[in-house]
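Engineer: one predicted model, sequence on top.
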2 protein chains.
Amino acid sequence: MTETRLGQRKTKQRDTILEVIRSASGPLTVEEIHQRGQHDVPGLGIATVYRTLKLLQEAGLIETVILPTGETRYEPTELGHHHHFHCRTCDVVFDLDACPVEIPGGGSYPGGYIVEDHEITLYGTCPACHV
Amino acid sequence: MTETRLGQRKTKQRDTILEVIRSASGPLTVEEIHQRGQHDVPGLGIATVYRTLKLLQEAGLIETVILPTGETRYEPTELGHHHHFHCRTCDVVFDLDACPVEIPGGGSYPGGYIVEDHEITLYGTCPACHV
DNA sequence: TGAAAAACAATAACGACTTATCATTTTCCC
DNA sequence: GGGAAAATGATAAGTCGTTATTGTTTTTCA
């Protein structure tokens, strides 16, 4: 269990925000984090969410994901290489484990492009949204 | 050749902006479009660029791409299914033809996700940047 | 427990990007 | 070619996500 002490003091707000992000099934928006955090910390302020996200990023515990829609979301760094599935029906974003890409890291691509990394978002319907 | 008449009148600015986007080797930022357009139309205003981008989108001639960096870029709709390569050295974004994804459209994914579409960005070094 | 410092909530301010305004220029159709 | 309407360029204003400010509350440690 990683030490949650980010600044000098341990607070319910910070513990809660990190836990919200870690227990999610996909990357969350600031708004989602704010709302879910309020279950544990009623009155949680939006500024605290932003402050804590910044601290968590500086501590290397979370990272930013920007989806092709332009939405900024946050996810735990502890997840390894993975991609995202965006359900067009419910708009929820899920983590996926399997990687559908054929190119290995370090591979090269027609035209002479040397590929070091890749980022993928899949779109469609999630299990809960199709009958 | 598609009719460039977007509003009621044909102008050098609009022709130029569309041509800049069509002749690019990858999606361009507003700034890039503005700068390249000024080769043909000195004094081209940034407001005109934004106005024209909106018209071109409404006309279905171009579309917006938001990269994982959060950068908004524009590319011609006439390009079919393709992906992007972002060179980490020169920061230029290129179109790629080959699609490295194994999942066919309409395929399904472990966990019950029905995949309709996907978006990919590759990162690495472009031909011009490696020795 | 009590005091100093850190963190908080509320909200004003900021910054980057985009859109609106308006006087001037350009297009286009008679 | 000339005039009405559209488009332009300059820039002010608006938007929206994020950060800074400030007075209050909470944490921590003697």
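Structural biologist: Now that the structure is in, tell me what you want to look at.

Engineer: show me which strand runs longest in chain A.
Structural biologist: Longest strand of chain A, by residue count under DSSP state E: strand A:113-125.

Engineer: buried residues, that strand. List them.
Structural biologist: By 16 or more other Cβ atoms under 10 Å in any protein chain shown, the buried positions in strand A:113-125 come out as A:Y113, A:I114, A:V115, A:H118, A:E119, A:I120, A:T121, A:L122, A:Y123, A:G124, A:T125. In this view, the C-beta of every residue, glycine as well, is placed from N, C-alpha and C.

Engineer: quick one: secondary structure of A:Q57?
Structural biologist: Classification of A:Q57 into helix, strand or coil gives helix, according to DSSP: H, G, I helix; E, B strand; the rest coil.

Engineer: count of neighbours near the closest residue to DNA strand C within chain A?
Structural biologist: Shortest chain A-to-DNA strand C distance, computed as Cβ to the nearest atom of the strand: residue-wise this is A:G7, at 2.1 Å. Here the number of neighbours of A:G7 (other Cβ atoms under 10 Å in any protein chain shown) works out to 11.

Engineer: which ones are touching it?
Structural biologist: Contact analysis of A:G7 by Cβ atoms under 8 Å, 6 or more residues apart in numbering or on different chains lists A:R14, A:L55.

Engineer: at 7 Å what do you get?
Structural biologist: Neighbouring residues of A:G7 by Cβ atoms under 7 Å, 6 or more residues apart in numbering or on different chains: A:L55.

Engineer: same question, A:L6
Structural biologist: Per Cβ under 7 Å, 6+ apart, neighbours of A:L6: A:R14, A:L55, A:L56, A:A59.
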